[in-house]
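>>> my questions are about this predicted structure, shown below with the sequence.
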Amino acid sequence: MYSEKVMDHFEHPRNVGEIPDASGVGTVGNAKCGDIMRMYLKINDDGVIEDCKFKTFGCGAAIATSSMATEMIKGKTVAEAEKLTNAAVAEALDGLPPVKMHCSLLAEEAVKAALNDYREKQGKAE
Ligand code: FES
């Protein structure tokens, strides 16, 4: 049912934890199941994501997608990270079962929420 990559990221999630002096923090809930995810981003003066960590009260698919999402945005610019989609994360994991696609939304939305928080802190909120 789950790809090897999903199982790998579920069993050995990357970047779990929190960043005390994060540049942006985003917390989102999944409307479908009520699970929660918090994403921490450390962004340097050049707008590059130097570090990111996440915490989740979510299912295995949410853990695996968040883990993959943090790997995909680390070292990227804010503009690049904004383009991250849950479909791209799911694809990087060699797919998710259709009933678990909604779980991957948590990762995308948490990244976006953390980026918004970063912008607000920078005084660049729209
Ligand atoms: Fe809630 Fe997967 S069942 S995130």
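Done, it's in. Here the structure is a predicted model, which means the values were calculated and not measured.
>>> quick one: buried residues of whichever strand or helix holds Glu91?
With elements delineated by DSSP states H and E, Glu91 resides in helix 86-92, which encompasses its position. Of the residues in helix 86-92, those with enough neighbours to count as buried (16 or more other Cβ atoms under 10 Å) are Asn86, Val89, Ala90. Heads up, the C-betas are built off the backbone N, CA and C, glycines and all.
>>> equivalent analysis for stretch 8-23, please.
Buried-residue list, stretch 8-23, by 16+ other Cβ under 10 Å: Asp8, His9, Phe10, Pro13, Arg14, Asn15, Ile19, Ala22, Ser23.
>>> filter these down to the ones close to the ligand.
The residues of these that also fall near the ligand, by Cβ under 6 Å from any ligand atom, amount to none at all.
>>> wait, Cys109 touches Val28, no?
Residue 109: Glu, not Cys. Yes. Using Cβ atoms under 8 Å as the test, Glu109 is close enough to Val28 to be in contact (4.3 Å).
>>> mutual contacts of the two, please.
In the contact map built from Cβ atoms under 8 Å, 6 or more residues apart in numbering, the residues linked to both Glu109 and Val28 are Met37.
>>> hang on, the earlier thing: and the buried residues of helix 86-92, which is closest to Gly75?
Each of these was scored against Gly75 by Cβ to Cβ, and Val89 proved nearest at 16.0 Å.
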